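[1] Give me coordinates for this.
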Amino acid sequence: MPPTDLPEITVREAMPDEWARLADLYSEARRAAVPQMPPAIHTDEEHREYYRRHVFEGDGHTVWVAEAAGEPLGFAVCTPTFLDGLYVRPDLKGQGIGSLLLDVVDATHPDGYELWVFESNLGARRLYERRGLVEVERTDGSGNEEGCPDVRMARRPE
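    Purely as a prediction, here's the structure:
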């Protein structure tokens, strides 16, 4: 479904100085996603530090930002083989922004990619399934910080 009641939405690669804005959007999205996702175990300041040091200053991540009128609406964090995260502003969920970001992820990962999603995050799992990702593994959560069951999904082009 295309976004409604929004100015034109574009998707572009994030700029190096956007780490704080996107970390704050991440924190906001995580809080709003409870109970579909377990509560974040780190503080907002720890999220900012992680995004600055590991996502923006580290090697191997590409961050795609969906924006309208200069305001970030959502973003996707990718490595060459993984979609590490996809987050949309909570007040805009269900308006197609996640799908726009996945269009870019699909286009920039022609050989496919994988992701982890919490088992309890049914909305995200349904979105990924509609996009052709398939479940390849389930865990009891002992491998993630939250200790919650998760699912590894993969997009494998034909």
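[2] Please count neighbours and contacts with C-alpha atoms only from this point.
    OK.
[3] For Pro7, report the pLDDT, please.
    With respect to pLDDT, Pro7 has a value of 75.
[4] And what about it, helix, strand or coil?
    Of the three states, Pro7 takes coil according to DSSP: H, G, I helix; E, B strand; the rest coil.
[5] need the contact list for it.
    68-69 (C-alpha atoms under 8 Å, 6 or more residues apart in numbering).
[6] give me the beta-bridge partners of the residue nearest the centre of the chain?
    Nearest to the geometric centre of the chain sits Leu86, at 0.9 Å (C-alpha atoms, centre = their mean). Listed beta-bridge partners, Leu86: Ala76 (assigned using DSSP bridges).
[7] hang on, it packs against Val65?
    No. Using C-alpha atoms under 8 Å as the test, Leu86 is too far from Val65 to be in contact (9.9 Å).
[8] Pull out the buried positions in stretch 70-84.
    Going by neighbour count (16 or more other C-alpha atoms under 10 Å), the buried part of stretch 70-84 is 72-79, 82-84.
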